[in-house]
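Chemist: what would the 3D arrangement of this be:
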Amino acid sequence: MTVTAQILSPAPQAEICAALNQAVADTVVTTMMAQNFHWNVTGMSFGSLHALFQEIYEDHFAAQDDLAERIKALDGHADGVLADMIKASGVEEVRGRLAAEEMIAKLAAAQRTLAATLAEVASLADQHGDALTEDLAIARGQVHEKFAWLLSAHLK
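Modeler: The predicted structure is shown next:
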C-alpha cells in the first residue's frame, strides 16, 4: 500500500495543529521537569537517575523541534511562548525539593500524560487522513510509554 501526503482543508489542519501545540506544551514542561530532576537528584541511585533524567530531557528537547516543525509543515503557528505552554500543558510544573522516588513518580506520570496526548494527536490525524502526523505521534507516544516504564521500574 502506498501512502501519500494528504492535503488538509483548513478546519482539520487547524485542529491537528492545535493538538500538536498541546503536545509541544506537554513536552516542554516535561523537558524542564526532567532537567530539574537531573540537576537535583541525590541518593543511592544518583548515577543511574542522573543519566536517565538527562537521556529524557535530551530526547524531549529534540522532540519539541520535531513536533513544532510538523506544525509548520501543516502551515500552522507553533506557539513558542513559554508562559502559554505552561498554562496549556496537562503536565504540572514541580516546585521544591523532592526525594528521588517522588521525582521518578512525577516524571513517570508526565510520560503517561505525554503518551496520552500523542495518542489523541494520532487518532485525530488518522480521522483526517494525515498519515505523516499520525506516524510522528505514534512514534513519540511509544518513546514516552517506554520512558514511563523505565521510570516506574525504579519504584518496584
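Chemist: backbone dihedrals for the residue most central in space within the chain, please?
Modeler: Nearest residue to the geometric centre of the chain (C-alpha atoms, centre = their mean): residue 27, 3.4 Å. Main-chain torsions, residue 27, degrees, to the nearest 10: phi -70, psi -40.
Chemist: touching, residue 124 and residue 14? I think so.
Modeler: No. With contact defined as C-beta atoms under 8 Å, residue 124 does not reach residue 14; the gap is 11.3 Å. No exception for glycine: its C-beta is placed from N, CA and C like everyone else's.
Chemist: how many residues are close by residue 26?
Modeler: 25 (other C-beta atoms under 10 Å).
Chemist: residue 92 is in contact with that one, correct?
Modeler: No. Using C-beta under 8 Å, residue 26 and residue 92 do not qualify as a contacting pair, with a distance of 10.6 Å.
Chemist: where are the low-confidence patches of this protein?
Modeler: 1-6 (pLDDT under 70).
Chemist: can you pull out the helices in it?
Modeler: 10-40, 46-73, 82-88, 100-127, 131-153 (DSSP state H).
Chemist: the closest residue to residue 31 other than its chain neighbours - how many residues pack around it?
Modeler: Distances taken as C-beta to C-beta, 6 or more residues apart in numbering put residue 60 closest to residue 31, at 3.9 Å, once the chain neighbours are dropped. Residues near residue 60, counting by other C-beta under 10 Å, number 26.
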